[in-house]
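Student: Got a predicted structure plus its sequence, pasted below:
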Amino acid sequence: MQPKRLPKINWDIRVYNPNYYDYGDVDIFLDEDNEIGERVICIFRKRDIKKYDDQKCTDLTFAILCNTCGVKSGITPLLGLNAGQVVPVQFNAEFNPSIPIEWIDMKFWEM
């Protein structure tokens, strides 16, 4: 995946119809060893929740971040990555999905 800037949505949970969207946990890591990071909640389209539950899926999709990052965890490189940001999400088979490190490293949410 070539990292790119993604839009930020005007965040309001009331606009997300539960018939079309659902929630899932996503990891954000700052290192390849998956030692530094935090777990966030994202809104997925229903068709992507099926992939979320698939223990063999390694697809890439997009989701909407529900958390403001870096504040509670104290991970300052994540500050400014806030609820409403559209983020790329990589499904990792039996492991929790994650936001690609390349996208995080580029800090596209600051552009």
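Tutor: It's in. Numbering: from 1, shown residues only.
Student: all contacts plus neighbour counts: C-alpha atoms, from now on.
Tutor: Fine.
Student: Give the residue farthest from the middle of this structure.
Tutor: residue 19 (20.5 Å; Cα atoms, centre = their mean).
Student: mind listing what's buried in the lowest-mean-pLDDT helix or strand in the chain?
Tutor: Lowest by mean pLDDT, DSSP states H and E among the helices and strands of the chain is helix 46-52, with a mean of 90. By neighbour count on 16 or more other Cα atoms under 10 Å, the buried set for helix 46-52 is 48, 51, 52.
Student: Show the contacting residues for the last one.
Tutor: So that's residue 52. 24, 91, 97 (Cα atoms under 8 Å, 6 or more residues apart in numbering).
Student: The first one pairs with what?
Tutor: What it means is residue 24. Beta-bridge partners for residue 24, by DSSP bridges, are residue 42.
Student: so it makes contact with residue 42?
Tutor: Yes: counting by Cα atoms under 8 Å, residue 24 sits close enough to residue 42 to count as a contact (5.6 Å).
Student: Have a look at the two and say which one is more surrounded.
Tutor: More neighbours surround residue 42 than the other of residue 24 and residue 42, with 23 against 17 (other Cα atoms under 10 Å).
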